[in-house]
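Student: this one's structure only:
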């Protein structure tokens, strides 16, 4: 008997851990579904997500809100709107940029960010990415050689690789990696949807420290900006500080550091998990490494790093036959759209020969397509190429529980223990 939406509690820890059945029932029974607490609608079908993404006049990205858990286990979570949360105003004032901005501000910000994060710059970074991947795999192999104990792929490769690369890209010191990781994690945890008010305050304090740090980094580099992303953004701010000022630069750095780190870490964890669960898939990629890029796209489709992003309705409208009022909130579910059977044949299956491998929405679409998508793809491809080239076999350790970070927003493994056969 098919499960109904009413029987699946979206806040149940088991549903949060494995939401695929819930998403499937949403697509079939309630493609625009109001959560039981009325906080926002879930939009689950590919075509409806696309309609909302492309209609920026009706569906605004300028929404800063988080969900709080209730005081008791049976309480329904509630939404709290953060109206441009701030750090120490002497250091920086958070502003709405990129993913949470609308035209015309978004258009201007995106133009600047695109000039700083060019395909040429990403291509020039590939040698450094390869060097770092080799070093991390060296460390992994040394751990394996010390005994039969499995090694944690997330800890040794998936988490450090994107963090080191984004810190290098921004032009920040490697010595600050531990606190940058802590602040980045807090920024992502803020959006989990299962925070208590106390946890929200803790995350907010960490984010304010990050804002202050990045503001100081801006000030220190202002007179002599380097050949890095921070330097590029400073040079742009000098051209027209009224249109692109210090606060906007700092807010962009917060997004790039947090999302740029978490997206790729999640992608690398999921990619390795799928390889370990399917020995035939692993063998296919060893035999045809040219298909690794397609594999990365399939991982993005079936295990989107972010379940989705929010929109707010600007004026009364309809979506999939559902009446929406101005002010209603939506979560556009990239992760459900990627498994939509109406869009993708055998949607649950990894298909290395899919005709349009990049047609998923896991990096967003349209004007809000992720500006770091090319970098994330390069990091994931090079990491998987490296680990397959430098091993004979990869096996899933029996100790794994394959638990993800509890979140309604991100899809990220807590750890992944592997045996690396050399």
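Tutor: Arrived safely. Keep in mind it's a predicted model, so treat the numbers as computed, not measured.
Student: List the buried residues in the longest helix seen in the chain.
Tutor: In the chain, taking DSSP state H as the definition, the longest helix is helix 246-277. Neighbour-count burial for helix 246-277 flags 246-276 (criterion: 16 or more other C-beta atoms under 10 Å). The C-beta positions use only the backbone N, C-alpha and C, and glycine is treated the same way.
Student: the helices in the stretch 251-400 of the chain, which residues?
Tutor: 279-287, 292-302, 334-337, 373-389 (DSSP state H, counting those that start in this stretch).
Student: most packed of those helices?
Tutor: helix 334-337 (a mean of 26; mean count of other C-beta atoms under 10 Å).
Student: who's in contact with it?
Tutor: Residues from elsewhere that reach helix 334-337 (C-beta atoms under 8 Å, 6 or more residues apart in numbering): 19, 23, 26-27, 42, 44-46, 49-50, 303-304, 306-309, 343, 360-362, 364, 411.
Student: again with stretch 225-235
Tutor: Contacts for stretch 225-235 (C-beta under 8 Å, 6+ apart): 112-113, 115-117, 168-172, 217-218, 221-222, 249, 252-253, 256.
Student: Give me the average confidence score over that stretch.
Tutor: Average pLDDT, stretch 225-235: 90.
Student: and it, how far from the chain's centre?
Tutor: In terms of C-alpha atoms, centre = their mean, to the nearest Å, the centre of stretch 225-235 is found 24 Å from the chain centre.
Student: got it, and stretch 225-240?
Tutor: The answer for stretch 225-240 is 25 Å, by C-alpha atoms, centre = their mean.
Student: Could you shift the numbering so residue one becomes 43, and keep it that way?
Tutor: With the count now opening at 43, the last piece we talked about shows up as stretch 267-282.
Student: Low-confidence bits of the stretch 93-242 of the chain, can you list those?
Tutor: Residues of the stretch 93-242 of the chain meeting the criterion pLDDT under 70: 105-144, 146, 148, 188-189.
Student: could you redo the last one with a cut-off of 50?
Tutor: Within the stretch 93-242 of the chain, the stretches with pLDDT under 50 are 112-117, 121-132.
Student: which residues of it fall in strands?
Tutor: 101-102, 107-110, 120-123, 193-194 (DSSP state E, counting those that start in this stretch).
Student: separation between the most centrally placed residue in the chain and residue 463?
Tutor: The centroid of the chain falls nearest to residue 305 when counting by C-alpha atoms, centre = their mean (3.4 Å). Computed as C-beta to C-beta, to the nearest Å, the residue 305 to residue 463 distance reads 29 Å.
Student: ok, back up a step: would CSV of the helices of the stretch 293-442 of the chain with distance to residue 172 and mean pLDDT be doable?
Tutor: Formatted as CSV, these follow (distance: least, C-beta to C-beta, whole Å; pLDDT from 0 to 100):
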stretch, distance to residue 172, mean pLDDT
helix 321-329, 18, 97
helix 334-344, 14, 98
helix 376-379, 29, 98
helix 415-431, 6, 96
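Student: which stretch among those comes nearest residue 186?
Tutor: Closest to residue 186 of the helices of the stretch 293-442 of the chain is helix 415-431 (C-beta to C-beta; 11.7 Å).
Student: Against which helices or strands is the closest one packed?
Tutor: For helix 415-431, the elements it packs on are helix 161-187, helix 202-212, helix 288-319, helix 321-329, helix 334-344, judged by 3 or more C-beta pairs under 8 Å, 6 or more residues apart in numbering; DSSP states H and E.
Student: by how many degrees do the last one and helix 415-431 diverge?
Tutor: Relative orientation of helix 334-344 with respect to helix 415-431: 120 degrees, computed using axes from the mean of the first three to the mean of the last three C-alpha atoms, to 10 degrees.
Student: Tell me how many other residues surround residue 165.
Tutor: 11 (other C-beta atoms under 10 Å).
Student: those helices in the stretch 43-192 of the chain, which residues are they?
Tutor: 55-59, 62-71, 88-96, 147-158, 161-187.
Student: Can you spell out which helices and strands pack onto the third one?
Tutor: This means helix 88-96. By 3+ C-beta pairs under 8 Å, 6+ apart, helix 88-96 packs against strand 359-361, strand 371-375, helix 376-379.
Student: Endpoints of stretch 72-85, how far apart?
Tutor: 9 Å (C-alpha to C-alpha, to the nearest Å).
Student: hmm, who's touching it?
Tutor: Contacts for stretch 72-85 (C-beta under 8 Å, 6+ apart): 47, 51-52, 68, 86-87, 90-91, 94, 109, 118-121, 350, 352, 361-364, 366, 370-375, 378.
Student: Would you mark the buried spots in it?
Tutor: So, applying 16+ other C-beta under 10 Å, buried residues of stretch 72-85: 72-77, 81-85.
Student: Turn these into CSV, columns for pLDDT and distance to residue 418.
Tutor: As requested, the buried residues of stretch 72-85 are exported to CSV (pLDDT from 0 to 100; distance: C-beta to C-beta, whole Å):
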residue, pLDDT, distance to residue 418
72, 95, 32
73, 97, 28
74, 97, 29
75, 95, 29
76, 93, 32
77, 87, 29
81, 82, 29
82, 87, 26
83, 93, 28
84, 94, 25
85, 97, 24
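Student: Mind checking which of those are in strands?
Tutor: 74-76, 83-85 (DSSP state E).
Student: which of those residues lies closest to residue 413?
Tutor: Using C-beta to C-beta, these come closest to residue 413 at residue 85, 23.0 Å.
Student: where's the closest one relative to residue 376, distance?
Tutor: For residue 85, the distance to residue 376 - C-beta to C-beta - is 10 Å.
Student: ok, now residue 103?
Tutor: Distance, residue 103 to residue 376, by C-beta to C-beta: 14 Å.
Student: any common contacting residues for these two?
Tutor: With C-beta under 8 Å, 6+ apart as the test, residue 103 and residue 376 both reach residue 351.
Student: that older thread, want to throw the helices and strands packed on helix 415-431 into a markdown table with distance to residue 193?
Tutor: What follows is the helices and strands packed on helix 415-431, written out as a markdown table (distance: least, C-beta to C-beta, whole Å):
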| stretch | distance to residue 193 |
| --- | --- |
| helix 161-187 | 4 |
| helix 202-212 | 13 |
| helix 288-319 | 11 |
| helix 321-329 | 17 |
| helix 334-344 | 21 |
